[in-house]
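> this one's sequence-less:
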């Protein structure tokens, strides 16, 4: 007898429909055959499924069992096929009779005792189930909240194989899992940190506000202990809250790689990723025989913080250049090409010299110009050119550390950021760019109108600082954001002066 069910396999961060066909026919010797380009984890599942059937009180088929996973032109490596294969074997052996097999998709891993375990990628699977017009999706209980985020499809949580059979046969009533956006925001949408925790550094906070307002990449240069990491870790608190669409896009990535916290259905805080400097190229941008997202994609709609930037492998940093320009990562392998989103804000930090104390008023630096030049050469010029804002973060004086006043807090900075972004939303309505930091050359010429004094100032800066064409465009983009914070239509000279001051590495900083 032949039975068919629909399930899903994760390919990158997308879910692909897989039809599970189970055919049981008489044979002299019982044998289970699995075909359909199944990887090792799937091939091993037949032994696990057989014991789960027996331990759940069902009879293991004693005939020839042929299992086909269709289509067979892409590899299948997840353990999420266990539950649909088990149900298919029960249906093909007439132990399960249900008309609902055509209405519901099934995913889940089985334990030997028949319990259903958590899997990866159920959010993408629920989205695909809705697109394919299925009534619902049967998932493990631990994944049900995550999948229930998707509206328009029933999410049926099951904890055992017996529960799945009971639901499909109508002997057990299971209510679909419901998702509450308000409860999720209250529980997972609050940040535990604030810029009021950072004493002093008002100029650095201003640079952070400008960077977030236009989504400009930021590099902080300063001695150890000046607060670079504190500033970076609070950056997401001043960015606008994730929209439902952004939250869904980001959660899909974390779901596909199994990085969602227990009980968390949706990411409601902007991601903050801070990989160690020993990370590999594949760990940073993604990779593997079957490509999976890297840190760049995990920081989608959030912040990627690279502390001690020169300590990263130079070749590893170079692979970031294209993703920073295109906001996506494309990885090609023999099995196909995958594109992962990477719309992020890069924030990096570094010391001013190898010892870290160049320019520190309290400590002496003994680094030679040759050592400093070698230290800087670990970061390529083209990568630095792609970072819009370079700022110095000086040591904080004692009087500011001991001041009872908290200074600028996250709410004040966020209000300014949202004001500037609202101006940008109106400006770019229907255009290619969404924010000033992503303006194309055509949009740059259209929207970055300079006052006469500002135009003369930019000409002088280009000649004296020897700026590249890309640095010229970065200054205009940052100047446009500063003008937006002031609600100014034209970029005035004082806006441009501030933007030029944010190009520390272009002002012969390393030879001062």
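Arrived safely. Source: prediction; values computed, not measured. Numbers count the residues shown, from 1 in each chain.
> residue 139 in helix, strand or coil?
Following DSSP: H, G, I helix; E, B strand; the rest coil, residue 139 is assigned to strand.
> tell me which other helices or strands the longest strand seen in the chain touches.
In the chain, taking DSSP state E as the definition, the longest strand is strand 14-25. On a contact count with 3 or more CB pairs under 8 Å, 6 or more residues apart in numbering; DSSP states H and E, strand 14-25 meets strand 2-11, strand 64-70, helix 82-92, helix 122-131. (Each C-beta comes from the backbone N, C-alpha and C, glycine too.)
> make TSV out of the ones you listed and add distance to residue 191 and mean pLDDT.
Below are the helices and strands packed on strand 14-25 laid out as TSV (distance: least, CB to CB, whole Å; pLDDT from 0 to 100):
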stretch	distance to residue 191	mean pLDDT
strand 2-11	30	94
strand 64-70	43	94
helix 82-92	38	96
helix 122-131	23	96
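> out of these, which is the most enclosed?
Each of the helices and strands packed on strand 14-25 was scored by mean neighbour count; the highest is helix 82-92, a mean of 26, by mean count of other CB atoms under 10 Å.
> and after that helix, which helix or strand comes next?
With elements assigned by DSSP states H and E, the helix or strand that comes after helix 82-92 is strand 104-106.
> what mean pLDDT does that next one get?
Average pLDDT, strand 104-106: 97.
> can you list contacts of it?
5-8, 83-84, 87, 125, 129, 132, 134-138, 154, 156, 164, 168 (CB atoms under 8 Å, 6 or more residues apart in numbering).
> run a quick neighbour tally on residue 361.
Using other CB atoms under 10 Å, residue 361 has 9 other residues around it.
> which SSE is it in?
Taking DSSP H and E as the definition, residue 361 sits outside all helices and strands.
> for the closest residue to it other than its chain neighbours, the count of nearby residues, please.
The shortest distance from residue 361 to any non-neighbouring residue, by CB to CB, 6 or more residues apart in numbering, is to residue 395 (7.0 Å). By the criterion of other CB under 10 Å, residue 395 has 21 neighbours.
> now swap in residue 399 and tell me
Residue 399 has 8 nearby residues by other CB under 10 Å.
> so for this structure, the centremost residue is which one?
The centroid of the chain falls nearest to residue 298 when counting by CA atoms, centre = their mean (2.6 Å).
> list the contacts of that one.
Here residue 298 is in contact with 253, 254, 257, 259, 271, 273 (CB under 8 Å, 6+ apart).
> can you tell me how far the second one is from residue 493?
Counting by CB to CB, to the nearest Å, the separation of residue 254 from residue 493 is 45 Å.
> more neighbours: which of the two?
The neighbour comparison of residue 254 against residue 493 (other CB under 10 Å) goes to residue 254, with 23 against 17.
> what does the helix or strand where the more buried one lies contact?
Residue 254 is located in helix 244-256, with elements delineated by DSSP H and E. Residues outside helix 244-256 that contact it (CB under 8 Å, 6+ apart): 10, 12-13, 120-124, 127, 146, 149, 181, 242, 260, 265-268, 271, 292-293, 297-298, 300-302, 340-341.
> just those: which are in strands?
If you go by DSSP E, the contacts of helix 244-256 have 10, 292, 293, 340, 341 in strands.
> now render those as JSON lines, adding distance to residue 27.
Output for the ones in strands among the contacts of helix 244-256, formatted as JSON lines (distance: CB to CB, whole Å):
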{"residue": "10", "distance to residue 27": "34"}
{"residue": "292", "distance to residue 27": "39"}
{"residue": "293", "distance to residue 27": "44"}
{"residue": "340", "distance to residue 27": "45"}
{"residue": "341", "distance to residue 27": "49"}
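> how far away is the closest residue to residue 21 other than its chain neighbours from residue 452?
On the basis of CB to CB, 6+ apart, the spatially nearest residue to residue 21 that is not a chain neighbour turns out to be residue 68, at 4.3 Å. Separation of residue 68 from residue 452 (CB to CB): 73 Å.
> what do you get for residue 174?
From residue 174 to residue 452 the distance is 71 Å (CB to CB).
> so for those two, which sits in the more crowded spot?
Using other CB under 10 Å as the criterion, residue 174 and residue 452 rank with residue 174 on top: 14 against 10.
> where does the stretch 1-150 of the chain have low pLDDT?
Across the stretch 1-150 of the chain, the ranges flagged by pLDDT under 70 are 28.
> just the helices in the stretch 251-400 of the chain please.
281-285, 295-298, 314-318, 321-326, 369-376, 381-385, 398-401 (DSSP state H, counting those that start in this stretch).
> just the buried residues of the first one, please?
When you say that, I think you mean helix 281-285. For helix 281-285, burial by neighbour count (16 or more other CB atoms under 10 Å) applies to 281, 283, 284, 285.
> so which elements touch that helix?
helix 295-298, helix 314-318.
> average pLDDT for the first one, rounded please.
Along helix 295-298, the predicted confidence averages to a pLDDT of 96.
> same deal with stretch 240-255?
Rounded mean pLDDT across stretch 240-255 is 94.
> can I see the domain layout of this protein?
For the chain, automatic domain parsing gives the domain ranges 2-169, 195-433.
> what is the end-to-end distance of the first one?
Terminal residues of domain 2-169 lie 18 Å apart, using CA to CA, to the nearest Å.
> just stretch 406-413 next, same as before
Start-to-end, stretch 406-413 (CA to CA) is 13 Å.
> list the buried ones in it?
Buried-residue list, stretch 406-413, by 16+ other CB under 10 Å: 407, 408, 409, 410, 413.
> pretty sure the last one contacts residue 208?
Yes. Residue 413 is in contact with residue 208 according to CB atoms under 8 Å; the separation is 7.0 Å.
> between the two, which contacts overlap?
Residues touching both residue 413 and residue 208 by CB under 8 Å, 6+ apart: 195, 238.
> wait, which of the helices and strands packed on helix 281-285 is closest to residue 456?
Of all the helices and strands packed on helix 281-285, it is helix 314-318 that lies closest to residue 456, at 36.1 Å by CB to CB.
> buried ones in the closest one?
Under the neighbour-count criterion of 16+ other CB under 10 Å, helix 314-318 has 316, 317 buried.
> from the contact counts, what lies against that helix?
Helices and strands touching helix 314-318, by 3+ CB pairs under 8 Å, 6+ apart, are helix 281-285.
> what does the host helix or strand of residue 143 contact?
In the assignment (DSSP H and E), residue 143 maps to helix 141-147. By CB under 8 Å, 6+ apart, the residues outside helix 141-147 that reach it are 116-119, 122-123, 125-126, 137, 139, 155-159, 177, 179, 251, 255, 260, 262-266.
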